[in-house]
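Visitor: sharing a model that was predicted from the sequence below.
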Amino acid sequence: MAASTLHIVFNSSAAACLRDALRQAGRDERVVGLSDSLSFGPINPPDPELRRKWVETELDYAGWENVVSEATSFWPAALSASSRRIAWLSRRSAQEYAGFLEWLWRLDEEPIEVVDLTDVMVAGNSARLTERHLAISLGISSPHEILQNELLDRTEALTAVLRAQYRQLWGRLRTENAPLRILSEGELASAPLSFFDPLLLSCATPEWQKAARIIGEVLSESWETSVLQTGDLVLCARARALARAGRLEFRGDLSDIQNSELRLPDQSAPRD
């Protein structure tokens, strides 16, 4: 029987791209991907249904059922026996790093391999990106980029020392069980749900702007530091919370960031 290879990734976009790259390379290998982001919400335990309720209550989002279903299927598959296990991660992506740490926490002591893209430099995947740049995340890599830069061949055995360090870090984060986990000086750290509020406020102006534009500017701030801290789900929730608290003014339906607007309150307006 041919040895089976299982790739474990922690981003649904990454899973699709990796499957395509493996197909193009003629490699019959399985890929399982976690769509849930353990960079936010409860992780002690990271029960999918518990997390769904948290997302509904704290982020005011009621469409988490599909993520629950996918996560419930992911964990048995990701922990299943395989002749070769390869986990893909980047310590520049809070989602990928947190997912990897939880997977490693649940895993037995069998040998595994990793493809760590944290400091990997890759060639651009289009005519506009001719200079080499940080890979940052498998989730933003195309199949062409994966093959062009031979990322499939960058596997390394995870050492016992590094495994212990990862498990110690995740054990502490699990104990803290904070609302957010953010990247700070190259490591994950616990943070309050309001962590991104100052950045959201700094991107707002006294003039009306589409909520989507402000969210996009906040996401761009992460790009400039070559890290992926969070996604629009958390940022949209915090924008709504700031609006409810009167720290931002809004018009339109804030559940639709393309058709709603935000601005800083008029400080010269009389107060009651």
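Guide: Nice, I can see it.

Visitor: residues near residue 11, how many?
Guide: Residue 11 has 25 neighbouring residues, counting by other Cβ atoms under 10 Å. From N, CA and C alone the C-beta is placed, and that goes for glycine too.

Visitor: ok, and the closest non-adjacent residue to residue 261?
Guide: residue 208 (4.4 Å; Cβ to Cβ, 6 or more residues apart in numbering).

Visitor: how close does that neighbour sit to residue 170?
Guide: Distance of residue 208 to residue 170, computed by Cβ to Cβ, to the nearest Å: 43 Å.

Visitor: more neighbours: which of these two?
Guide: Neighbour totals were compared for residue 208 and residue 170, and residue 170 leads with 22 against 14 (other Cβ under 10 Å).

Visitor: which SSE is that one in?
Guide: helix 160-176 (DSSP states H and E).

Visitor: report the buried residues of that helix.
Guide: Across helix 160-176, burial judged by 16 or more other Cβ atoms under 10 Å covers 163, 166, 169, 170, 173, 174.

Visitor: check stretch 179-196 too.
Guide: For stretch 179-196, by 16+ other Cβ under 10 Å, it's 179, 180, 181, 182, 183, 188, 189, 190, 191, 193, 195, 196.

Visitor: give me the subset of those lying in helices.
Guide: Cross-referencing the buried residues of stretch 179-196 against helices under DSSP state H gives no overlap.

Visitor: now, which of those residues sits nearest residue 235?
Guide: Using Cβ to Cβ, residue 196 comes nearest to residue 235 of the buried residues of stretch 179-196, at 6.1 Å.

Visitor: now do the closest one against residue 225, distance only.
Guide: Residue 196 is 14 Å from residue 225, by Cβ to Cβ.

Visitor: now residue 242
Guide: Relative to residue 225, and taking Cβ to Cβ, residue 242 is found at 22 Å.

Visitor: so for those two, which residue has more residues nearby?
Guide: Shown here are residue 242 and residue 225; by other Cβ under 10 Å, residue 242 has more neighbours (19 against 10).

Visitor: how close does the more buried one sit to residue 194?
Guide: Per Cβ to Cβ, residue 242 is found 9 Å from residue 194.

Visitor: now do residue 20
Guide: Taken as Cβ to Cβ, the span from residue 20 to residue 194 is 39 Å.

Visitor: where does the residue most central in space within the chain land on pLDDT?
Guide: By Cα atoms, centre = their mean, the mean C-alpha position of the chain lies nearest to residue 95, the distance being 2.5 Å. The score at residue 95 is 97. That number is its pLDDT.

Visitor: check residue 1 too.
Guide: 35.

Visitor: same deal with residue 128?
Guide: 48.
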